[in-house]
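Undergrad: dropping a prediction and its sequence here:
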Amino acid sequence: MLPVHLLKFFAGISLSVFLGFVALCYFSPKFFIKTAYILVKLELSDIPEISSIALSQMMESSTPTVAKNFILVDVRTPQERHVSVIPGAVDDQAFERHLADYQHKKIIVYCTIGYRSGFYARTLRDKGLDAYNLSEGILGWTHADGRLLDSHGRSTRRVHVYSRPWHLAIKDYMAVY
C-alpha cells in the first residue's frame, strides 16, 4: 500500500489535471468540441467522416461535377433547422422522400456535434449508401468559418445549441437554445 503522503500527492495532481481540463474547455470551445467529438468517435468508430474544411472546399469547388457529386443532409429537429442550416442542406425527411436521386452520391450528414448524424450515417451505410458524418457537426462548421443560412435563406451568425453549456460556436456567433 502507498504511504498517505503519496496518495495525497497523486490525488492533488489528479485534481489539478481535472481542473485544468475544465478550465481549458471553458476558455476554449474548440478544444471542448474536439474532446466531445472524440467521445462520439469512440461509439461510431466504424463511420467515415469528413471535416468541415474538406466540405467547405467541396462546396467552393468550381467543378460542376464535384458540386453535384454530394448531398448534405441535416438530421437536426425542425426547431434547430429554423435557426440556421449549412447552405444546400436538405432535411432527413426530404432526403428519404427522394432517396433514389442520391443513390450514387456521397452523402454527408450533420447535426449539432456529430452524434445523431453518426447514427444516421451508419443506418445509410447499412443500406449500402456512401454516407459520411460531418466531424464536429454544425458547431465545427462555425469554427471553420462556414456560412449559415436562416429559414429565409439569408446569411446568419445564429446557431442552435442544446443549452448554455453547449454554446461552443465561435464568439461572433449567437447561440440559440
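TA: Received, thanks.
Undergrad: what about the strands in the protein?
TA: In the chain, strands defined by DSSP state E lie at 49-50, 70-74, 90-91, 106-110, 131-134, 148-149, 155-156, 158-160, 174-176, listed in chain order.
Undergrad: just want the most central residue of this structure.
TA: Centroid check for the chain by Cα atoms, centre = their mean gives G137 as the closest residue, at 1.1 Å.
Undergrad: out of the strands of the chain, which comes closest to E43?
TA: The closest approach between E43 and any of those, judged by Cβ to Cβ, belongs to strand 131-134 at 11.3 Å. For the C-beta atoms, the positions are set from N, CA and C on the backbone; glycine is no exception.
Undergrad: can I get that closest one in PDB, CA atoms only?
TA: Included here for strand 131-134 are C-alpha records, laid out as PDB according to Å, rounded to 0.1, in the frame of the first residue of the first chain:
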ATOM      1  CA  ALA A 131     -22.600   8.100 -46.200                       C
ATOM      2  CA  TYR A 132     -20.200  10.200 -44.100                       C
ATOM      3  CA  ASN A 133     -20.500  12.100 -40.800                       C
ATOM      4  CA  LEU A 134     -19.600  15.800 -40.700                       C
END
